[in-house]
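Enquirer: 3D model of this:
(chains A and B)
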Amino acid sequence: MLTIKNLHASIEDKEILKGINLEVNPGEIHAIMGPNGSGKSTLSSVIAGKEEYEVTDGEIHFEGEDISELAAEERAHKGVFLSFQYPVEIPGVSVTNFIKTAINESRKAQGLEDMPAKDMLQKIREKAELLEIDRRFLSRSLNEGFSGGEKKRNEIFQMAMLEPKLAILDETDSGLDIDALRIVANGVNKLRSKDNAVVVITHYQRLLEYIVPDFVHVLHNGKIVKSGTKELALELEAKGYDWLKQEAAV
Amino acid sequence: MELKDKLVSSFMAFENQIDVDTTVHDIRSEAIKVFEEKGFPTKKEEAWKYTSLNSLLKNDFSVFPKEEVALDFKDIKKYFIHDIDSYKIVFIDGVYSSYLSETTHEGMDICLLSAALHKDKYRQVIENYFNKVAKTDDSLTSLNTAFSREGAYIYIPKNKAVDKPVQIIHFATGNEAALMLQPRNLIVVEENAHIQIIERHQSLTENPVLTNSVTEIFADKRAVVDYYKIQNDEQNASLIDNTYISQERESNASVHTFSFGGNITRNNLNFYQKGERIDSILNGVTILGNKQHVDHYTLVHHAEPNCESHQDYKGIFADKATGVFNGKIIVDKKAQKTNAFQQNNNILIDDKASINTKPQLEIFADDVKCSHGCTIGQLDEDALFYLRTRGIPEKEGRALLMYAFANNVLESVKIPEVKSRINKLIAKKLGVNLGFDL
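Expert: Residues are numbered from 1 along each chain as shown, chains lettered A, B, ... in the order given. Purely as a prediction, here's the structure:
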């Protein structure tokens, strides 16, 4: 589904990603871990199409197509979703209206009519229930005055509504208490299928107790320095990142 | 002939058309002298530093329209807020259009200034209020006063809550190659009376139009005045709006100014507080493109203790559009416990767009809360990226962010149909259809 080959990316002439290779197949959950400044968030932004980053070398293929030149919205229309560490507040636009606009813009791009209001409403209700979201929450302005937990839950709600093929969850666990973490992780797990894939980006192992990865990759200094299974995450938790840094230096 | 000379020499012709044997005419005669002495303002004056009228004054404006023009309601319906019941005072090329209007004299007067100036039963109100808050040393206001004869006349007696909004609309048909209009509105809202007013100036062609409008509003004790100015005119239509509001104690007056179009627009908006516990609200959303220019020049004069004023102006400027915000707040020594807030936030979309923003605070009392802030920035690219990752294209994403930027002003619009119209105008201005009313 997602194939990244020798990806190099820079911002303002500073190279952040220095040759990433990654293969994500349908049905898989990958975790990307790493210390602060290792390039985790840059990787997610580059996959999602943030223009500030320049891809200087390498390729990003999504379902066989090179998407590295596509606009962020075009990638979204193809089924790439990024859950933000810091979601943006949009005063005056309700959660419901926002998600309606997002869904109908994607449909428009695919040559489809707007989703009938009745279907939209039913889908909203269903997904809100899945994430234990109160109906009043849906009429509030997007992310405005939301707590950290509400923001993250709202991100996963949007993911549930948009039904992406590839979801990248960037530091979804940061700022969450244990209850919120459980709800968010439950939501992600319920949305899993053999046809979609999830990339979880996190600093800590905690989230991976709830969203269990098939593969764990460690990012350091713009490169994946180690890959393994979920046991690698536990090892990192126990030992920290320093031993990897030393290993990489050697 | 220069426009100034033309106007001054037209005054005699004007006097032949009207009743000169009145106190109002004495006021007019004084006013033309002030205009003759001062002329049109130039950029040399501090108050007009960023707005030049020179390009406008080159036009050979007709000062009096030659013939009446009829308009079909169906052709101009879109300029009304037509999905609500309302009183209407409609003018075509400066002439009152009775068939497009809906006036009343039942328990209040919502009608014409020309009628009020002529009839005995209005004399007392005219003597008490006409030209009593308008600045008599201001050249453009004086010019309007000199030629004042037509406009809206609204008198709401004590304790009367007007049952529906009043729409005041001025159309310019383009029947004249270039037309100058000088509407004069007098609005008196007595104690504890309530009114909502929507005002619009609309040219229907590309012929140049210059409107120099003066509106005087008197809000007596506990009166509530809620006023909306919708400025979305044609590219060759310019407007100088001079609005003067006099407020007595515990009254509440708010003016929303939505500036989306036109050539040069200057809004001189003046609030004078004359009692305690008054609230004055000045809100604006400005969205401009091309070479459009809007200058908001506001004044709030706090003269008595325990009053408030709230100003919130949002501006979005694209292409070569230029904006000005000059917000003057005067707090007299006597006006202790004043709360005066002023906010002016701007977004520049293109490199050639510009905004000059200037708070001007003159505070003579020592126990007051006055805050002001102005910002000039660009749209938040991170926020835009967020929207795009949700599949919302760049253009629509930018529009959503602009809505969000202007939202708290839009939220304060009290007439839902006006709010929805403003939202539609904004969507149209931004060239998007978001598929829902915000």
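Enquirer: what about the residue in chain A positioned nearest to chain B, neighbour count?
Expert: Using CB to the nearest CB, A:Gly92 is the residue of chain A that sits closest to chain B, at 3.2 Å. In short, each C-beta sits where N, CA and C put it, glycine included. Neighbours of A:Gly92 under the rule other CB atoms under 10 Å in any protein chain shown: 19.
Enquirer: Also the one 3 residues further on?
Expert: With neighbours defined by other CB under 10 Å, the count for A:Val95 comes to 25.
Enquirer: What residues does it make contact with?
Expert: A:Phe137, A:Leu138, A:Ser139, A:Arg140, A:Ser141, A:Leu142, A:Asn154, A:Phe157 (CB atoms under 8 Å, 6 or more residues apart in numbering or on different chains).
Enquirer: Against chain B, which of those residues make the cut? List them.
Expert: Applying CB under 8 Å from any CB of the partner chain to the contacts of A:Val95, one finds that A:Ser141 fall near chain B.
Enquirer: Could you tell me which of the contacts of A:Val95 belong to strands?
Expert: A:Ser141, A:Leu142 (DSSP state E).
Enquirer: most surrounded residue in the contacts of A:Val95?
Expert: That'd be A:Leu142 among the contacts of A:Val95, by other CB under 10 Å, with 25 neighbours.
Enquirer: Next, count neighbours for the nearest residue to A:Leu207 once chain neighbours are set aside.
Expert: Using CB to CB, 6 or more residues apart in numbering or on different chains and skipping residues adjacent in sequence, the residue nearest A:Leu207 is A:Asp173, 3.9 Å away. The tally of other residues near A:Asp173 (other CB under 10 Å) stands at 23.
Enquirer: what helix or strand does the residue sitting nearest the centre point of chain A sit in?
Expert: Using CA atoms, centre = their mean, the residue of chain A that lies closest to the mean C-alpha position is A:Ile168, 1.9 Å off. In the assignment (DSSP states H and E), A:Ile168 maps to strand A:166-170.
Enquirer: if we can go back for a sec, am I right that the residue nearest to the centre of chain A is in contact with A:Leu82?
Expert: Yes. Counting by CB atoms under 8 Å, A:Leu82 is a contact partner of A:Ile168 at 4.9 Å.
Enquirer: Between the two, which contacts overlap?
Expert: Joint contacts of A:Ile168 and A:Leu82 (CB under 8 Å, 6+ apart) are A:Ser44, A:Ile47, A:Ala48.
Enquirer: as a whole number, average confidence for stretch A:192-199?
Expert: For stretch A:192-199, mean pLDDT rounds to 94.
Enquirer: ok, and does it reach over to chain B?
Expert: No. Shown here: stretch A:192-199 not in contact with chain B (CB under 8 Å from any CB), separated by at least 13.8 Å.
Enquirer: any idea which element the residue nearest to A:Leu207 lies in?
Expert: Short version, using DSSP H and E: A:Asp173 is in no helix or strand.
Enquirer: So, low pLDDT: which residues of the chain?
Expert: Looking at chain A here, since you left the chain open. A:248-250 (pLDDT under 70).
Enquirer: ah, I was thinking of chain B
Expert: B:434-438.
Enquirer: Near chain A, which residues of it are found?
Expert: So far as CB under 8 Å from any CB goes, chain B lies against chain A at B:380-383, B:385-394, B:396-397, B:400-401, B:403-404, B:407-408, B:410-411, B:434-436, B:438.
Enquirer: Where does whatever residue of chain B ends up closest to chain A fall, secondary structure wise?
Expert: In chain B, the residue that lies nearest chain A is B:Asn407 (3.2 Å; CB to the nearest CB). In the assignment (DSSP H and E), B:Asn407 maps to helix B:394-411.
Enquirer: Pull out the buried residues from that helix.
Expert: Within helix B:394-411, the residues that count as buried by 16 or more other CB atoms under 10 Å in any protein chain shown are B:396-407, B:409-410.
Enquirer: just these now: which is nearest B:Tyr155?
Expert: B:Val409 (29.8 Å; CB to CB).
Enquirer: Contact partners for the closest one?
Expert: Contacts of B:Val409 (CB under 8 Å, 6+ apart): B:His256, B:Asn283, B:Gly284, B:Val285, B:Asp312, B:Tyr313, B:Lys314.
Enquirer: next one: B:Gln247
Expert: Counted by CB under 8 Å, 6+ apart, B:Gln247 has contacts B:Ala219, B:Ala223, B:Ala253, B:Phe271, B:Tyr272, B:Gln273, B:Lys274, B:Gly275, B:Ile278, B:Ser280.
Enquirer: who in chain A is up against chain B?
Expert: A:45, A:48-52, A:71-73, A:75-77, A:80-82, A:84, A:87-93, A:97-98, A:100-106, A:109, A:114, A:141, A:158, A:162.
Enquirer: Looking at these, which are in strands?
Expert: For these, secondary structure assignment (DSSP E) places A:Val80, A:Phe81, A:Leu82, A:Ile90, A:Pro91, A:Gly92, A:Val93, A:Ser141 in strands.
Enquirer: can you tell me which residues contact the third one?
Expert: So the one you mean is A:Leu82. Contacts of A:Leu82 by CB under 8 Å, 6+ apart are A:Ser44, A:Ser45, A:Ile47, A:Ala48, A:Ala167, A:Ile168, A:Asp170, B:Thr389.
Enquirer: Find the residue closest to it in space, skipping its chain neighbours.
Expert: A:Ala48 (4.0 Å).
Enquirer: What of the fifth one?
Expert: Using CB to CB, 6+ apart and skipping the chain neighbours, the partner closest in space to A:Pro91 is B:Asn407 (4.5 Å).
Enquirer: same deal with the first one?
Expert: Excluding the flanking residues, the one nearest A:Val80 by CB to CB, 6+ apart is A:Leu166, at 5.2 Å.
Enquirer: which residues sit in contact with that neighbour?
Expert: A:Met1, A:Leu2, A:Val24, A:Phe62, A:Gly79, A:Val80, A:Phe81, A:Asn196, A:Ala197, A:Val198, A:Val199.
Enquirer: again with B:Ile330
Expert: Contacts of B:Ile330 by CB under 8 Å, 6+ apart are B:Leu299, B:Val300, B:His301, B:His302, B:Glu362, B:Ile363, B:Phe364.
Enquirer: Identify each buried residue in stretch A:100-112, please.
Expert: A:Lys100, A:Thr101, A:Ala102, A:Ile103, A:Asn104, A:Glu105, A:Ser106, A:Lys108.
Enquirer: and if you look at stretch B:170-186?
Expert: B:170-176, B:178-186.
Enquirer: In chain A, mark out all the helices, start to finish.
Expert: A:40-48, A:72-78, A:95-109, A:117-130, A:135-138, A:148-162, A:178-191, A:230-239, A:242-249 (DSSP state H).
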